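*Asks:* what follows is a protein structure lacking sequence information:
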């Protein structure tokens, strides 16, 4: 009887691992999709700025370097969530 319980528990663990793997793959695909969308948005913004601000291509590297030292991406995300929460409370 005990061997049967162990086999059943093992089978359940196996199913759980398979489900977790499948979920992980779904999350990975979703993240890759979001990354691709962000790449497109960044490219649109860069082309717009190149077209309407003649010195943008020349100044981009310098601006990027400054931003990398000044901005914490996690802080931006938290700040945006906080702003949305405040707006929702006011509405």
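*Replies:* Happy to help now that I have it. In this text, all values refer to a predicted model and were calculated from it rather than measured experimentally.

*Asks:* what about the helices in this protein?
*Replies:* In the chain, the segments counted as helices under DSSP state H are 2-52, 56-70, 73-90.

*Asks:* other SSEs contacting the shortest one?
*Replies:* In other words, helix 56-70. Other helices and strands packing on helix 56-70, by 3 or more CB pairs under 8 Å, 6 or more residues apart in numbering; DSSP states H and E, are helix 2-52. C-beta coordinates here come from the backbone N, C-alpha and C atoms, glycine included.

*Asks:* counting by contacts, list what the helix it packs on packs against.
*Replies:* Against helix 2-52 (3+ CB pairs under 8 Å, 6+ apart) you get helix 56-70.

*Asks:* avg pLDDT for the helix it packs on?
*Replies:* Mean pLDDT, computed over helix 56-70, is 92.

*Asks:* pLDDT below threshold where in this structure?
*Replies:* For the chain, residues meeting the criterion pLDDT under 70 lie at 1, 77-91.

*Asks:* in JSON lines, list the helices of the chain along with mean neighbour count.
*Replies:* Listed next are the helices of the chain as JSON lines, based on neighbours: other CB atoms under 10 Å:
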{"stretch": "helix 2-52", "mean neighbour count": "10"}
{"stretch": "helix 56-70", "mean neighbour count": "10"}
{"stretch": "helix 73-90", "mean neighbour count": "9"}
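
*Asks:* and the gap between the residue nearest in space to the middle of the chain and residue 70?
*Replies:* Closest residue to the average C-alpha location of the chain: residue 31 at 5.9 Å, with CA atoms, centre = their mean. Per CB to CB, to the nearest Å, residue 31 is found 26 Å from residue 70.
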